[in-house]
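>>> Take this sequence and fold it.
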Amino acid sequence: MPQTTSGPALPDPSARGRIGFSRLAETGANLATVAVAILLSIVLVRTFILPRTSSPGRQPPMQQSSKGTNLKGVLPGVDWAKNGRTLVLALSTQCHFCTDSLPFFQQVSKDSGCHVKLLAVLPQNKSDSGQFLSNGGVRVDEVRQASMDSIGVRGTPTLLLVDEKGTVTDEWQGKLSHEQEEQVLSELRKPT
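Numbering: from 1, shown residues only. Have a look, this model is predicted:
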């Protein structure tokens with residue numbers, strides 16, 4: 001009869017390896033879950049809790065200014081010297097801030113008189129652009145089709161006051177406040 005021992009059983013060495021790997025995998029999964037939860041929390045806080053740079057319904061801030069930029073050669077056929085001073089209306093038929101600003105542009109077209117030439121530049125074709133301006137009651141001396149990038153404009157609406165050399169001397173961006181509108185009109189009323 002074989003003799004049996006009733007002492008403690010010795011652990012299986014291969015089982016110890018499986019338990020160690022299992023614990024390591026579980027720890028890694030837990031750390032990954034915590035990392036994802038932290039990242040998700042950061043995104044949610046930035047999106048829904050922290051204040052935004054611009055309020056809903058307001059235009060985003062524009063970037064750099066075009067002052068000092070020379071537009072000579074950028075818009076072929078524009079005779080800056082003959083115009084004297086030119087107000088470039090950089091608009092888009094797709095821009096609701098441009099549409100909201102049409103009453104002001106109508107006032108600009110009435111007040112500019114012979115002191116300033118008005119040149120509307122839009123990315124849409126001339127026919128659609130002309131219709132957009134006409135429907136808004138805005139009279140301009142000329143309508144051109146060009147990309148905003150080509151004239152150094154980052155967003156619409158933007159007004160560029162250009163001198164007889166083709167250099168941008170003043171600029172107004174976005175939907176203007178009443179004070180900014182008065183500043184534009186005052187500038188346009190100055191004799192050359």
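
>>> Which SSE is immediately downstream of the lengthiest helix in the chain?
Using DSSP state H, we find that the single longest helix of the chain is helix 13-44. The helix or strand immediately downstream of helix 13-44 is helix 80-83, counting by DSSP states H and E.

>>> May I have that following helix as PDB, with CA atoms only?
Extracted in PDB, the C-alpha atoms of helix 80-83 (Å, rounded to 0.1, in the frame of the first residue of the first chain):
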ATOM      1  CA  TRP A  80      -5.800 103.200 -56.700                       C
ATOM      2  CA  ALA A  81      -4.200 106.500 -57.700                       C
ATOM      3  CA  LYS A  82      -7.200 107.500 -59.700                       C
ATOM      4  CA  ASN A  83      -9.600 106.500 -56.900                       C
END
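
>>> can you tell me the average pLDDT over that helix?
In this model, helix 80-83 carries a mean pLDDT of 93.

>>> With stretch 170-177 instead?
Averaging pLDDT along stretch 170-177 yields 95.

>>> what separates it from the chain centre, distance-wise?
The chain centroid and the centroid of stretch 170-177 are separated by 14 Å under Cα atoms, centre = their mean, to the nearest Å.

>>> What of stretch 87-103?
Remark: stretch 87-103 is offset 15 Å from the chain centroid, using Cα atoms, centre = their mean.

>>> ok, now stretch 183-191?
The answer for stretch 183-191 is 28 Å, by Cα atoms, centre = their mean.

>>> Buried ones in that stretch, by neighbour count?
By neighbour count on 16 or more other Cβ atoms under 10 Å, the buried set for stretch 183-191 is Val184, Glu187, Leu188. Just so you know, the C-beta spots here come from the backbone N, C-alpha and C atoms, and that holds for glycine as well.

>>> what comes into contact with that stretch?
With contact meaning Cβ atoms under 8 Å, 6 or more residues apart in numbering, stretch 183-191 is reached by Leu87, Gln107, Val108, Asp111, Ser112, His115, Val116, Leu159, Leu161, Asp170, Trp172, Leu176.

>>> Extract the CA atoms of the helix or strand harbouring Thr169 and return them as CSV.
Secondary structure from DSSP H and E places Thr169 in strand 168-173. In CSV, the C-alpha atoms belonging to strand 168-173 read as follows (Å, rounded to 0.1, in the frame of the first residue of the first chain):
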residue,chain,number,x,y,z
VAL,A,168,-4.3,99.8,-46.3
THR,A,169,-4.3,102.8,-43.9
ASP,A,170,-7.2,101.7,-41.7
GLU,A,171,-9.2,98.5,-41.0
TRP,A,172,-12.4,97.5,-39.2
GLN,A,173,-13.3,93.9,-38.6
